[in-house]
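Asker: Have a look at this fold, sequence not included:
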Ligand SMILES: Cc1cc2nc3c(=O)[nH]c(=O)nc-3n(C[C@H](O)[C@H](O)[C@H](O)COP(=O)(O)OP(=O)(O)OC[C@H]3O[C@@H](n4cnc5c(N)ncnc54)[C@H](O)[C@@H]3O)c2cc1C
């Protein structure tokens, strides 16, 4: 069981950051993941009074506050319009509505969880994270770095014209995924992110995929197998590595086929 001795509601990001430099303290997002643990937290830093639970849209980007719930992300009209339901598809299978009303975008990205649908999907887009001290960093760099004592302020998704498709597979409806695969395309550049391998999602980019509307099934398959082979796959209680590897190429291929509007025979 987890227990918290004291909760401090930060009145500014500077205060939250200063408090978080002491390892006895910990930032809490929606507390949905942390409460599954077994530890005694001397002091929890609550960011809920800082107005970081909104999604701002401009002509260039979406800026998602770290305390924004997964449910708000899933339902956001502008995000669904821009990415044609791509993020909704990634998020709506996570447990249930009540859970997604509690879990936050900040906790999901900061945690860099191997099974994360949120991380897999956002990696395939032009996404950055805003850190209080570290500034704005591409998500693909942030995932490689070990968690430190900075505060994740917001997640920024650029409107760069990518079209994207998301696929995942679970053994049972509310379980963690066995594989997650996101494909995004902009011209002939293809971005492929695969997670739940069971390690955390990684990204490969190809500027010369040669894929375009009208590409043949064989061309799409060849690229999908290449993209699949850029990642490693492991086994755990949910699936074997070979099975995950097989699923990855199937879902990458289906995603690309969908984005290209079908394939030539
Ligand atoms: C049973 C269960 C099943 C799940 N299944 C899935 C699934 O299938 N797919 C999926 O994608 N996700 C899944 N998740 C993860 C979930 O979607 C969230 O990603 C997770 O709960 C973290 O979000 P949170 O708001 O609860 O964060 P918390 O539990 O509050 O925090 C998580 C971590 O992030 C840190 N943190 C939080 N906010 C910040 C911040 N702003 N700055 C710095 N550090 C911060 C905390 O200190 C902590 O280390 C599951 C979680 C649970 C508990």
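Answerer: Right, received. Where do you want to start? This structure is a prediction, so every number in the text was calculated from the model and none was measured.

Asker: Name the nearest residue to the spatially most central residue of the chain, ignoring sequence neighbours.
Answerer: In the chain, the residue lying closest to the centroid (C-alpha atoms, centre = their mean) is residue 119, at 1.6 Å. Distances taken as C-beta to C-beta, 6 or more residues apart in numbering place residue 201 nearest to residue 119, at 4.9 Å, with adjacent residues excluded. Any C-beta I mention is one placed from the backbone N, CA and C, and that applies to glycine too.

Asker: I figured that neighbour was touching residue 179, is that so?
Answerer: No. When contacts are counted by C-beta atoms under 8 Å, residue 201 is not listed as touching residue 179 (10.5 Å).

Asker: who has more neighbours, those two?
Answerer: It is residue 201, of residue 201 and residue 179, that has more neighbours when counted by other C-beta atoms under 10 Å, with 29 against 26.

Asker: Contacts only, for the more buried one.
Answerer: 114, 116, 119-120, 123, 143, 180, 182, 193-195 (C-beta atoms under 8 Å, 6 or more residues apart in numbering).

Asker: One more pass at 10 Å, please.
Answerer: Going by C-beta atoms under 10 Å, 6 or more residues apart in numbering, residue 201 touches 112-124, 139-140, 143, 180-182, 193-195, 231.

Asker: Mark which of those are buried, thanks.
Answerer: With burial judged by 16 or more other C-beta atoms under 10 Å, the buried subset of those is 112-124, 139-140, 143, 180-182, 193-195, 231.

Asker: give me the residue from the stretch 151-265 of the chain nearest the ligand.
Answerer: residue 152 (3.7 Å; C-beta to the nearest ligand atom).

Asker: in what helix or strand does the residue in the stretch 101-250 of the chain that the ligand sits nearest to lie?
Answerer: Across the stretch 101-250 of the chain, no residue is closer to the ligand than residue 107, which sits at 2.1 Å (C-beta to the nearest ligand atom). Here residue 107 sits within helix 105-111, counting by DSSP states H and E.

Asker: And residue 50, by the same measure?
Answerer: Using DSSP H and E, residue 50 maps to neither a helix nor a strand.

Asker: pLDDT value on it, please?
Answerer: Listed pLDDT for residue 50 reads 98.

Asker: show me the contacts for it.
Answerer: By C-beta under 10 Å, 6+ apart, the residues touching residue 50 are 9-13, 15-16, 65-67, 151, 153.

Asker: And residue 65, how far from the ligand?
Answerer: Separation of residue 65 from the ligand (C-beta to the nearest ligand atom, to the nearest Å) stands at 9 Å.

Asker: I figured that residue hits residue 47, correct?
Answerer: Yes. Look at residue 65 against residue 47 with C-beta atoms under 10 Å: they come within range, at 9.0 Å.

Asker: Quickly list what's touching both of these two.
Answerer: 53, 104, 106, 152-153.

Asker: and the residue of the stretch 151-265 of the chain closest to the ligand, how many neighbours?
Answerer: 27.

Asker: Surely it and residue 128 touch.
Answerer: No. Between residue 152 and residue 128 there is no contact, the gap being 11.1 Å when judged by C-beta under 10 Å.

Asker: Quick check: neighbours shared by these two?
Answerer: Residues touching both residue 152 and residue 128 by C-beta under 10 Å, 6+ apart: 137, 142.

Asker: by contact count, what packs against the lengthiest helix in the chain?
Answerer: In the chain, assigned by DSSP state H, the helix with the most residues is helix 241-259. Contact analysis of helix 241-259 by 3 or more C-beta pairs under 10 Å, 6 or more residues apart in numbering; DSSP states H and E lists strand 163-170, strand 177-186, strand 189-195, helix 217-228 as its packing neighbours.

Asker: Distance from the chain centre to it, please.
Answerer: Here helix 241-259 is found 18 Å from its chain centre; the criterion is C-alpha atoms, centre = their mean, to the nearest Å.
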